[in-house]
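# sequence below, structure please.
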Amino acid sequence: MDIFQVSYANYKDQVMRKALQIFHAIAPADALTVYGCGNEYGLACTISGADKQDFEATLQDRSTAVQDGSEAQGLARNEASTERDGRTIVAVAPNPAGWKSYYAGAGDQLSPRIVGGGQRIRLSFTGPDTKSVEVQFSEPSELHDGQASYMPVANWGLDDLLDFSAILPASPCAANGTNTGNANKVALGGGLSMLVPAFGDGAWDIDLATVVPVPSSTYSGYFDVDHDTGAVAVSVKPGAAEMALFDLPFEVYFARKIPLGNSLGLFDVDAYKTQWVSERWKLKISVVKASAGAGDVAGWLLAYRKNPQ
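Here you go, the predicted model:
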């Protein structure tokens, strides 16, 4: 049993229609799968026996039928690994293509750049207290999971709490006084303003190399970000873009008030979905120790990174 796949760097309606016609002609409807992710779309079907032979013949004769200039890659065969009985081996890989797994018990030193040379994820207590630590990576990352250990376990209980959050600093901006800047502010209330692009007639100046992108859950921002490099750019879709800029900081929580009362002295997270993190954000671990006695907390994160060296 083989899997055949057709994919396109950019989706074009006429290309997909032609590909659908080919697949429907040679494979049962229930063997056909349409898939899509970002700007990549395609089709895949599983076939065997006579259908496989027919398809290979069609592949030779009609592979150019779905080409659309430089946009289409044509029909391609995906040589998937298989078990001895022919079953396809499928590997679940939530990391982006080309990104590497990186286990971090410390942040990076930013200048000069030393991966793993920054602040450790560790807190020490002599008694009841509230403490926090912030770490930062020198490139974009995708958080996958992590772990916190606390000891001695006899000095920790259900009223000792852990928070894990991200600090999104305010985007730096400066009034230019001449209305020739590259940004304006739109007041949102409560002292918070959104920064929107201007083109030589703005009251404020921003540097896209230092601004802090904030995801817009409703895609109502004015800026885009390159998830590989972290670079921020003015979007061609103003008011409908992925990222927004603000003049006040935000703190967003991944975990809130997690009790440290496990007799194993361990809080462990194993999540499938990843969370993209800008290199301009800071990751914060906060612990409230209410129990008597000294104690220590240390942790690590599993993050996917493109250049963790």
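# C-alpha only now, for contacts and for neighbours.
Fine.
# now do the strands in the stretch 201-309 of the chain.
Counting by DSSP state E, counting those that start in this stretch, the stretch 201-309 of the chain has strands at residues 204-205, 214-215, 223-225, 232-234, 243-246, 250-259, 266-277, 282-289, 295-305.
# partner strands of the second one, parallel or antiparallel?
Partner strands and pairing direction for strand 214-215 (DSSP bridges) are strand 243-246 (antiparallel).
# what separates the partner strand from the chain centre, distance-wise?
Relative to the centre of its chain, strand 243-246 is centred 17 Å away, using Cα atoms, centre = their mean, to the nearest Å.
# repeat for stretch 233-253
Per Cα atoms, centre = their mean, the centroid offset for stretch 233-253 relative to its chain is 16 Å.
# for that stretch, buried residues please.
Neighbour counts over stretch 233-253 (16 or more other Cα atoms under 10 Å) mark 234-235, 238-247 as buried.
# can you put those in JSON lines and add pLDDT?
Shown next, in JSON lines, are the buried residues of stretch 233-253 (pLDDT from 0 to 100):
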{"residue": "Val234", "pLDDT": "97"}
{"residue": "Ser235", "pLDDT": "96"}
{"residue": "Pro238", "pLDDT": "94"}
{"residue": "Gly239", "pLDDT": "94"}
{"residue": "Ala240", "pLDDT": "95"}
{"residue": "Ala241", "pLDDT": "96"}
{"residue": "Glu242", "pLDDT": "95"}
{"residue": "Met243", "pLDDT": "97"}
{"residue": "Ala244", "pLDDT": "97"}
{"residue": "Leu245", "pLDDT": "98"}
{"residue": "Phe246", "pLDDT": "97"}
{"residue": "Asp247", "pLDDT": "97"}
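# farthest pair in those?
The span of the buried residues of stretch 233-253, defined through Cα to Cα, is set by Ala240 and Asp247 at 19.5 Å.
# how's the protein carved up into domains?
Split into domains by automatic domain parsing, the chain comes to 2-78, 100-169+250-305, 174-246.
# low-confidence stretches in this protein?
Residues of the chain that meet the criterion pLDDT under 70 lie in 1-81, 90-92.
# list the contacts of the residue most central in space within it.
In the chain, the C-alpha nearest the mean C-alpha coordinate belongs to Trp276, at 2.5 Å (Cα atoms, centre = their mean). Neighbouring residues of Trp276 by Cα atoms under 8 Å, 6 or more residues apart in numbering: 140-143, 227.
# if we can go back for a sec, would you reformat the buried residues of stretch 233-253 as JSON lines and include distance to Ser217?
Formatted as JSON lines, the buried residues of stretch 233-253 follow (distance: Cα to Cα, whole Å):
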{"residue": "Val234", "distance to Ser217": "18"}
{"residue": "Ser235", "distance to Ser217": "16"}
{"residue": "Pro238", "distance to Ser217": "15"}
{"residue": "Gly239", "distance to Ser217": "12"}
{"residue": "Ala240", "distance to Ser217": "10"}
{"residue": "Ala241", "distance to Ser217": "10"}
{"residue": "Glu242", "distance to Ser217": "8"}
{"residue": "Met243", "distance to Ser217": "9"}
{"residue": "Ala244", "distance to Ser217": "10"}
{"residue": "Leu245", "distance to Ser217": "13"}
{"residue": "Phe246", "distance to Ser217": "15"}
{"residue": "Asp247", "distance to Ser217": "18"}
